[in-house]
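J.: Following is a predicted model, sequence given first.
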Amino acid sequence: MRNETEAAAMRMQGDDPAEGRSRVGDAAARLAQDTAQLARHEILAVQSEVRAALRRFGAGGALLGAAGVCGLLALWSAHETALRALEPALPGARASAVLTCAYATGAATLGVAARNRVRAAGQASAEALDRAREAVPTGVRRGEGEKGAD
């Protein structure tokens, strides 16, 4: 009888080990729910931001496409003008051949310049990566950190 009374008094005070485990379990469950809810809210916020950025990107892409079409039409018009300007000095086929050679030379020159720039950028990136690797100690790169020193 005395043990039952003591057990009842302990339960009233909240010293019951099972009740303590239940409280910890409830707190852990609430924490997990709160964390999951926070993660869902953050994901929704990121999705909203990405959608807004994609809308802006889409509008910018459409404008860029329209600018490209206008540029292509301007280039075509310039080609026709150059061709008509050359025709009095050269027969039609030769004028076209001269323009074709001029365009091919320009394309080759720009292509070589672009290739050289891309190669230089690749080499600069490789050198920067090498410098970064040299700056980081070997153990840290392998994920060993201080454990590797033991």
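T.: Yep, that arrived.
J.: May I have the secondary structure class of L90?
T.: Put simply, L90 is coil when judged by DSSP: H, G, I helix; E, B strand; the rest coil.
J.: quick one: contacts for it?
T.: Shown in contact with L90 (C-beta atoms under 8 Å, 6 or more residues apart in numbering): V98. Glycine gets a C-beta too; all of them are placed from N, C-alpha and C.
J.: What does it show for phi and psi?
T.: For L90, the backbone dihedrals (degrees, to the nearest 10) come out as phi -130, psi 150.
J.: what about it, distance to W76?
T.: According to C-beta to C-beta, to the nearest Å, L90 and W76 sit 20 Å apart.
J.: can you check R94 too?
T.: For R94, the distance to W76 equals 20 Å [C-beta to C-beta].
J.: measure the residue positioned nearest the centre of the chain to L44 for me?
T.: For the chain, the residue nearest the mean C-alpha position is V50 (11.2 Å; C-alpha atoms, centre = their mean). Distance, V50 to L44, by C-beta to C-beta: 11 Å.
J.: What of A52?
T.: Going from A52 to L44 by C-beta to C-beta gives 13 Å.
J.: go on, L54?
T.: For L54, the distance to L44 - C-beta to C-beta - is 16 Å.
J.: okay, now G68: neighbour count?
T.: A count of nearby residues for G68, using other C-beta atoms under 10 Å, gives 10.
J.: Spell out, range by range, the helices that occur in this protein.
T.: Secondary structure of the chain (DSSP state H): helices at 2-13, 17-86, 92-135, 138-141.
J.: Redo those as CSV? Include mean pLDDT.
T.: Putting the helices of the chain into CSV (pLDDT from 0 to 100) gives the following:
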stretch, mean pLDDT
helix 2-13, 54
helix 17-86, 85
helix 92-135, 88
helix 138-141, 58
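J.: how's the protein carved up into domains?
T.: The chain breaks down into these domains under automatic domain parsing: 18-86, 90-138.
J.: how distant is the last one from the center of its chain?
T.: Here the centre of domain 90-138 is set off from its chain's centre by 25 Å, with C-alpha atoms, centre = their mean, to the nearest Å.
J.: Then the longest one?
T.: A distance of 10 Å separates the C-alpha centroid of domain 18-86 from that of its chain, computed with C-alpha atoms, centre = their mean.
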